[in-house]
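Student: quick one, structure for this:
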Amino acid sequence: MNWFLNFYFGEGPGIDKHAPKPKGLKLLGAVLAREWWELLKLNVLVIAFSLPLITLPAAWFAATSISVAMIEDRNVWLLRDFWAAFRKRFVLTTVLGLSFCGGEALAVLAIRTYAEAATDQLVFAAPLTIAAVVGLALPLLVTNLFVGLAHRSDARLADLVKLAAIALLARPLAGLAALAFVALLWAAHVIFYPASVFLPVLVNFSLGALVLSFGAIGGVHLGFSYLQANDRNRTSRSPETQSA
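Tutor: Here you go, the predicted structure:
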């Protein structure tokens, strides 16, 4: 059994530190090629920790935290890091996840209501469009929040909300592309069922978390840069205010 345990729990081959760092989709491809076995194990962890359902937001955040570490080429000890992220931010991520579910349910209800009303009166097309935009923006906003929290665990919630909004406005296309990929992944599971019965068990959750994190991380970095610049500006103006 030693060979199996060493194969299952052993570290991956790593990357050449002297090689130029890939960017864009090449970076995502490099992460997939390097971490594919860890992603399979991560998928199992997400499913196992999500079984009580109430723990799903915390399990998703833990998967996001692992995904961000993979993208940023940090060392990952899968079970230890997953459990640490799950336990440390359980309350916050659960509250955020439940709030998102409530907001998304209201958005879907509004889309359905206004869509039916718009067939009779065109004036309802405006609120229908707003509801559709909110329905798309909410998952991207929560993804940015989780990626920001994974990137900087010491950040305040108010700052995380700000950077999530900044990231959403600065890089909406990357997030939408990632969201579309995840939707297609689950659509493939439904369309090709029962041949795709094992797809969610193998890759859907971990690959979805990785792709969403990849789509959000550029905007999150921009958000943190903007917040840091504002903090520096406030700090530089403080002595002038005090002296005046």
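
Student: what segments of the chain are helices?
Tutor: 2-9, 25-50, 56-71, 78-88, 90-118, 125-151, 157-170, 172-191, 199, 205-243 (DSSP state H).

Student: and among those, the most buried is which?
Tutor: Greatest average neighbour count among the helices of the chain goes to helix 56-71 (a mean of 25), per mean count of other Cβ atoms under 10 Å. To be clear about C-beta, it is placed using only N, CA and C from the backbone, and glycine gets the same treatment.

Student: what helices and strands are in contact with it?
Tutor: Taking 3 or more Cβ pairs under 8 Å, 6 or more residues apart in numbering; DSSP states H and E as contact, the helices and strands that helix 56-71 lies on are helix 25-50, helix 78-88, helix 90-118, helix 125-151, helix 205-243.

Student: to Ala177, which of those lies closest?
Tutor: helix 205-243 (6.2 Å; Cβ to Cβ).

Student: so for that closest one, mean pLDDT?
Tutor: Helix 205-243 shows an average pLDDT of 80 in the prediction.

Student: pLDDT-wise, which helix or strand of this structure ranks last?
Tutor: helix 2-9 (a mean of 56; mean pLDDT, DSSP states H and E).

Student: how about a markdown table for the helices and strands packed on helix 56-71, with distance to Val190 added?
Tutor: Converted to a markdown table, the helices and strands packed on helix 56-71 look like this (distance: least, Cβ to Cβ, whole Å):
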| stretch | distance to Val190 |
| --- | --- |
| helix 25-50 | 18 |
| helix 78-88 | 28 |
| helix 90-118 | 18 |
| helix 125-151 | 19 |
| helix 205-243 | 15 |
